[in-house]
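Participant: sequence plus the predicted model coming up.
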Amino acid sequence: MPGDATGGDRHGRRALILVENLSVPFDRRVWQECTTLRDAGWTVHVICPRGSKRDTEPEALIDGVRIHRYPLRAATGGPAGYLREYGSALWHTLRLARKVGPVDVVHACNPPDLLFLPALWLKRRGARFVFDQHDLVPELYLSRFGRGEDLLYRGVCALERLTYRAADVVLATNESYRDVAVRRGGRRPADVFVVRSAPDTDRFRPVPPEPELKRGKPHLLCYLGVMGPQDGVDYALRALAQLRDRLGRTDWHAVFVGAGDTYDEMVALSRRLGLSEQVEFTGRIPDDDLVRYLSTADVCLSPDPRNPLNDVSTMNKVLEYMVMGRPIVSFDLREARVSAGDCAVYAPADDEAEFARLVALLLDDPEQRARMGKIGQERISGPLSWRNSQASLLAAYAAACRDRPRTAAGDRGRAARRPRR
């Protein structure tokens, strides 16, 4: 891609991406952004936490992207645990940002809405600030903790306002998030760019199904994703108990792929519901194994309950089900319909009995499952493809740098060569 169109190679521009809640390249959205910028001629650095089982090296150069990682212990024990986690993350981020040196763009990915602090430090040194809003943190707080609009809620709202105010441009993952940036964040519409997440179609491609994964049953159900308080795995398990007990269906095996804060609690709930023989929890698994399960699945589950965050968020698992050509059962959420369209069927929000009935309906209709799967693949290769998001990402960077003809690195280098007085 030409450097003039993207702010790229002709000027030797440097970008620094800040991430706190996942390691890179495990964070697939961030990694796609990194490689898109690299291909457009940017020199890309990333600062992120180390992973526990992967992405464990303190520093790595992967496909031309330089990744700097720091040790981070996830929060436990309430607000004090989050203060320790975020304080440690900010200190390490500033330390490593000094090591990276001058950059033209600092690109901060939330949560938390605290990375505007190192971004401001870099902005004062000539960088432009791109805010990549992965989550609406006020809605996340309400949905995860159930404490209402208390003092901490007002605090996260204030941090979001400060982040919006500091940013030169904002990246939103969907139109609902863009509306929040404009309406609540006071941003000009021209400064907010929708960069949707999309599966990597080079990594996610269907393979021949493996009937042995069904554990002797005619059908396989699959859940993929995080297992946290707001993710609805408990709704899925109760729906499967109704599928067995109320609808009399035992012709299925279910696999739950992923991990999270409530993983052990969900395994225990499955046991209490008497589902241990029919429900398998794999934890996090390599992509190759994930592709095997999704290629074999007859129906995929998206049980996110309606709450302030889920209703307006794009679920990565839905997109990954779609790229694999799988039909989906979902609760009726605003952004779920935007993403999945007719490749999903929708139960009324939080209605576990109807969710179970729709699963049974799809299990009995292989032709409908095939039609829905094809619709999903067509949407991913068309309007929801990463190609469209790449163009929006590069347009956002061009807007951020439009009136900035020289690089911070170049300016700093010239300053360093001046004689001291």
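Facilitator: Structure's in. What do you need? Residues are numbered from 1 along each chain as shown.
Participant: export stretch 264-278 to PDB, keeping only CA atoms.
Facilitator: Output of stretch 264-278 as PDB, limited to C-alpha atoms (Å, rounded to 0.1, in the frame of the first residue of the first chain):
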ATOM      1  CA  ASP A 264     -14.600 -23.900  38.000                       C
ATOM      2  CA  GLU A 265     -18.100 -22.600  39.000                       C
ATOM      3  CA  MET A 266     -19.500 -23.700  35.600                       C
ATOM      4  CA  VAL A 267     -18.000 -27.100  35.900                       C
ATOM      5  CA  ALA A 268     -19.600 -27.500  39.300                       C
ATOM      6  CA  LEU A 269     -22.900 -26.300  38.000                       C
ATOM      7  CA  SER A 270     -22.800 -28.800  35.200                       C
ATOM      8  CA  ARG A 271     -22.200 -31.500  37.800                       C
ATOM      9  CA  ARG A 272     -25.100 -30.300  39.900                       C
ATOM     10  CA  LEU A 273     -27.400 -30.400  36.900                       C
ATOM     11  CA  GLY A 274     -26.400 -34.000  36.200                       C
ATOM     12  CA  LEU A 275     -24.800 -33.000  32.900                       C
ATOM     13  CA  SER A 276     -21.300 -34.400  33.500                       C
ATOM     14  CA  GLU A 277     -21.700 -37.300  31.100                       C
ATOM     15  CA  GLN A 278     -23.000 -35.100  28.300                       C
END
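Participant: and the gap between T76 and P199?
Facilitator: From T76 over to P199 the distance is 32 Å, taken as Cβ to Cβ, to the nearest Å. No exception for glycine: its C-beta is placed from N, CA and C like everyone else's.
Participant: between these two, point out the one with more neighbours.
Facilitator: P199 (22 against 11; other Cβ atoms under 10 Å).
Participant: so how many other residues sit close to the residue nearest to that one when sequence neighbours are not counted?
Facilitator: In space, P199 comes closest to V323 once its chain neighbours are excluded; the distance is 4.2 Å by Cβ to Cβ, 6 or more residues apart in numbering. Using other Cβ under 10 Å, V323 is surrounded by 23 other residues.
Participant: what's near enough to touch V323?
Facilitator: 199, 201, 204, 376-377, 380 (Cβ atoms under 8 Å, 6 or more residues apart in numbering).
Participant: mind doing that once more with 7 Å?
Facilitator: Counting by Cβ atoms under 7 Å, 6 or more residues apart in numbering, V323 makes contact with 199, 201, 204, 377, 380.
Participant: most neighbours of all these, which one?
Facilitator: Busiest of the contacts of V323 [other Cβ under 10 Å] is I380, holding 24 neighbours.
Participant: can you tell me how far D200 is from Q32?
Facilitator: Distance, D200 to Q32, using Cβ to Cβ: 7 Å.
Participant: tell me the secondary structure of L117, please.
Facilitator: helix (DSSP: H, G, I helix; E, B strand; the rest coil).
Participant: give me the pLDDT value at it.
Facilitator: Per-residue confidence (pLDDT) for L117: 97.
Participant: try the one 4 residues further on
Facilitator: pLDDT recorded at W121 is 97.
Participant: wait, a helix at it?
Facilitator: Yes: counting by three-state DSSP, W121 is part of a helix.
Participant: residues in contact with it?
Facilitator: Contacts of W121 (Cβ under 7 Å, 6+ apart): L94.
Participant: so which residues of the chain form strands?
Facilitator: For the chain, the strands defined by DSSP state E cover 14-19, 43-49, 59-62, 65-70, 105-109, 128-133, 169-172, 192-194, 219-224, 252-257, 279-283, 299-302, 328-331, 344-347.
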